[in-house]
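Trainee: sequence isn't available, so here's the structure alone:
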C-alpha cells in the first residue's frame with residue numbers, strides 16, 4: 001500500500017525500499033533513513049532534531065527510576081553528538097556552580113528539580129517549534 005502512494009512521480013529508489021519494508025524487516029529502516037538523510041542535509045538536520053525530541057520525550061514520560069533517567073539523558077546527549085540545546089539539563093553537565101544565583105548563593109531549587117524543569121521547558125519549546133516544521 002505504501003508503495004502505491006509513491007506511484008506517478010519521480011521518486012528515489014530508497015523511498016520505495018522504505019515503503020516496502022515489511023514487519024519482519026524493520027531492522028532495515030534505520031539504514032534506509034540514514035541513506036535518504038545523507039542525500040539531503042536539511043532533511044538530516046530536521047530528522048535529527050525530531051529524533052532527539054522523541055527520544056527525550058519518551059525518557060521524560062518514563063522517568064520513574066531516577067538513576068535510569070539520569071543515565072538515559074547522558075546517553076542521549078552522547079548519541080546525538082552533544083547538542084548544545086540540551087546541555088543545561090544533562091546530569092553530567094549539571095554542576096553545583098551552575099546552580100549559583102548572581103549573589104553566589106545556591107537557589108532553593110535542588111539540582112534534580114532544576115534538571116526536570118529545564119527538560120520540561122525544552123520539550124514544550126521543541127514541541128511548538130517542531131509543529132511548524
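Mentor: Ah, there it is. Only a predicted model underlies this, so the values are computations on that prediction, with no experimental measurement involved.
Trainee: for the chain, give me the ranges with low pLDDT.
Mentor: 1-11, 26, 42-44, 93-109, 133 (pLDDT under 70).
Trainee: residue contacts, the residue nearest the centre of the chain?
Mentor: For the chain, residue 52 is the residue whose C-alpha lies nearest the centre (C-alpha atoms, centre = their mean; 0.9 Å). Going by C-beta atoms under 8 Å, 6 or more residues apart in numbering, residue 52 touches 76, 80, 83, 86. (Each C-beta comes from the backbone N, C-alpha and C, glycine too.)
Trainee: burial count for the last one?
Mentor: Residues lying near residue 86 (other C-beta atoms under 10 Å) number 20.
Trainee: tell me the first helix or strand C-terminal of the helix or strand where residue 54 lies.
Mentor: Assigned by DSSP states H and E, residue 54 belongs to helix 41-61. For helix 41-61, the succeeding helix or strand toward the C-terminus, using DSSP H and E, is helix 66-79.
Trainee: buried stuff in that next one?
Mentor: 69-70, 72-73, 76-77 (16 or more other C-beta atoms under 10 Å).
Trainee: now swap in stretch 29-46 and tell me
Mentor: Residues of stretch 29-46 classed as buried by neighbour count (16+ other C-beta under 10 Å): 32-33, 36-37.
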